[in-house]
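**Student:** Could you look at this predicted model? Sequence included:
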Amino acid sequence: MLPFPVAFSSRTDSRTRHYRSTRDVLLTRARITNLGFLLLAGFAALSFLLNLWHYFTDLTTYEPQDGRGPYSAPRGIWETLQRDKSLEEIDHLVMVPGHAIWKGMSVEERLDEDQWVLEPYQRGGGRISAFFAHIVGGAELAREDEHSLLVFSGGQTRPSSTTTEAESYMRLASVSDILPSSYSSSALRATTENYALDSYQNLLFSIARFHEYTGRWPSKISIVGYEFKRRRFTELHRAALRWPADRFDYIGIDADGDTELARQGELQNGYLLYTQDTYGCHDTLLSKRRARNPSMRFHPYYSSAPALGPLLNWCPGRAEGGQTAVYPGPLPWDHGTAFGRDS
C-alpha cells in the first residue's frame with residue numbers, strides 16, 4: 001500500500017496533529033518501489049482480463065438447461081425460446097427453394113401472375129404453376145413423414161417487396177391448407193428460412209435454420225425444386241457441403257411445356273458458374289447475391305448454428321488452392337453418430 005503523506009504542525013509547542021488538505025496530498029510526491037509498481041500493474045492487468053472474460057462469456061455464450069451445449073448468442077435471445085417436445089423426433093429436412101414472391105391473399109390467386117413479384121423472364125411458360133407445384137410437393141412429402149420439418153427458403157430478393165420469398169411461399173401454403181403439423185401436439189412442422197440469396201445458400205442456410213428451429217442436425221435432406229436444377233444441387237452444392245449422398249434426395253418438378261431453353265439457361269448461368277466458383281463468393285455469383293439483397297439483410301446463423309461458422313465464412317482463393325477448393329474443416333455430419341442432437 002502506498003504511504004499517505006502527512007505533515008505535522010511546525011510549532012514545537014503544539015501537540016495537535018494537523019493533516020494537509022486533499023489538494024496538497026494529491027500534489028505531493030510519493031516514493032514507490034519497483035516491486036510495488038509491478039504488483040499494482042499485475043493486479044490491474046488481472047482485473048482487466050477477468051472483466052474482459054466475464055463480458056464476452058456473458059454476451060456470446062449461453063448454456064441451455066437441456067444440455068445441448070453452449071450457443072454463441074446472448075442469453076437474452078435463448079431465454080425466449082421454448083421448443084415443443086415433438087421437435088425432438090424431427091430428423092428429416094424437406095426444403096423448397098424460393099424463386100419469386102407471392103403477394104396474393106387467397107388460394108384462387110395462386111396462378112395469377114399479377115399476384116407475383118416476378119423477373120421479366122419468369123412471366124409466361126407456366127413458371128408460377130411450377131412454383132406452386134414445388135410448394136405442394138414439399139408439403140406432401142413432409143406430411144408423409146412425421147419426423148420431417150418443411151423449410152421454405154428464400155430471402156427478400158426484390159426491392160419492390162417488403163417480404164421474403166420464403167414467407168410468401170409459407171403464406172400460400174397456409175391459405176391452401178396444406179402445411180404439415182405434428183401428430184402428437186399442435187406444433188407446426190413447417191417454417192421459413194428468410195436469408196438465402198442463391199441455391200447454395202438455400203441448402204446451407206436451410207440446414208442452419210433446421211438446427212435453429214429444432215436444436216438438432218438433420219439426418220436426411222430432401223429438396224423439391226426444378227428438375228433442370230437437379231445436377232446443381234446433387235453434384236455441386238451437396239458436394240460443397242460434403243453431405244453424404246445416401247442421405248440426400250432431390251424431387252424435380254419442371255414447368256409445363258418446352259424446358260429446353262430453361263435447361264440451357266441453367267447450364268450457362270448456374271451449373272457452369274458453380275463449377276468454377278464452388279461457394280458462389282467471387283465475381284459473377286457474388287454480384288448476383290448483392291443484387292438480390294436490396295434490403296441489406298444478413299443471417300443469424302453464426303449465432304444459432306456456430307458449428308457451421310467456419311463453413312459459412314469459407315471463400316477459397318489462390319491461397320486455399322483455388323475457387324473450387326472444398327471446405328476442409330470439421331462438419332457436424334462428418335460421422336453418422338453426429339446426426340441428431342448436439343453433443
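**Tutor:** Structure's in. What do you need?

**Student:** is it true that residue 93 lies in a strand?
**Tutor:** Yes: remark: residue 93 belongs to a strand, assigned using DSSP: H, G, I helix; E, B strand; the rest coil.

**Student:** Please name the residues that touch the residue nearest to the spatial centre of the chain.
**Tutor:** With distances taken as CA atoms, centre = their mean, residue 301 lies nearest the centre of the chain, 2.4 Å away. By CB atoms under 8 Å, 6 or more residues apart in numbering, the residues touching residue 301 are 195, 205, 208-209, 212, 308, 312. For every residue, glycine as well, the C-beta is placed using N, CA and C.

**Student:** mind checking how far it is from residue 309?
**Tutor:** In this view, residue 301 and residue 309 are 8 Å apart by CB to CB, to the nearest Å.

**Student:** what residues does the helix or strand containing residue 250 touch?
**Tutor:** If you go by DSSP states H and E, residue 250 is part of strand 248-252. Strand 248-252 has contacts (CB under 8 Å, 6+ apart) with 137, 141, 220-230, 233-234, 238.

**Student:** what lines up beside that strand in the sheet?
**Tutor:** When pairing is defined by DSSP bridges, strand 248-252 lines up against strand 220-225 (parallel).

**Student:** any idea of the mean pLDDT for the helix or strand just after the partner strand?
**Tutor:** Downstream of strand 220-225, the first helix or strand assigned by DSSP H and E is helix 230-231. Averaged across helix 230-231, pLDDT comes to 97.

**Student:** Also stretch 100-118?
**Tutor:** pLDDT averaged over stretch 100-118 gives 96.

**Student:** buried stuff in that stretch?
**Tutor:** 100-104, 110, 115-118 (16 or more other CB atoms under 10 Å).

**Student:** try stretch 150-168
**Tutor:** Result for stretch 150-168 [16+ other CB under 10 Å]: buried residues 150-158, 161, 163-168.

**Student:** Okay, now that stretch: how far is its last residue from its first?
**Tutor:** Taking CA to CA, to the nearest Å, the span from the opening residue of stretch 150-168 to its closing residue is 14 Å.

**Student:** quick check, distance from the strand holding residue 250 to the centre of its chain.
**Tutor:** 23 Å (CA atoms, centre = their mean, to the nearest Å).
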